[in-house]
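Visitor: below is the sequence, then the predicted model.
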Amino acid sequence: MTAQPPLPLNPRDARPVGVAAAIAEDDAGGRVFVHGNLAYAWDGGDRHHNIAPTEAEPGPAGRL
């Protein structure tokens, strides 16, 4: 066993979202990290990254 604590996996400017994920946003866009790995990114002008699935238009199954 080592005396050194585990190193942080997420960037310093990222806000934690639960135990495994973190989000970092600035004027240039944003990034989502899961267990320290970049999982999703968007540009600053992209407004559609924050649309929840419930707010999106229904797909073919939702039009029954």
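Guide: Cool, the structure landed. Just so it is clear, the model here is predicted, and its values are computed rather than measured.
Visitor: which stretches of this structure form strands?
Guide: Per DSSP state E, the chain has strands spanning 15-17, 21-26, 29-34, 37-43. These are given in chain order.
Visitor: direction included, what does the third one pair up with?
Guide: It refers to strand 29-34. Within its sheet, and counting by DSSP bridges, strand 29-34 is paired with strand 21-26 (antiparallel), strand 37-43 (antiparallel).
Visitor: just these: most buried one?
Guide: Ranked by mean neighbour count under mean count of other C-beta atoms under 10 Å, these are led by strand 21-26, which reaches a mean of 16. Glycine gets a C-beta too; all of them are placed from N, C-alpha and C.
Visitor: give me the mean pLDDT for it.
Guide: Strand 21-26 carries an average pLDDT of 90.
Visitor: now do stretch 32-41
Guide: Computed over stretch 32-41, the mean pLDDT rounds to 89.
Visitor: that one spans what distance, first to last residue?
Guide: Counting by C-alpha to C-alpha, to the nearest Å, the length from the leading to the trailing residue of stretch 32-41 is 6 Å.
Visitor: was I right about residue 28 contacting residue 42?
Guide: No. With contact defined as C-beta atoms under 8 Å, residue 28 and residue 42 do not form a contacting pair (9.8 Å).
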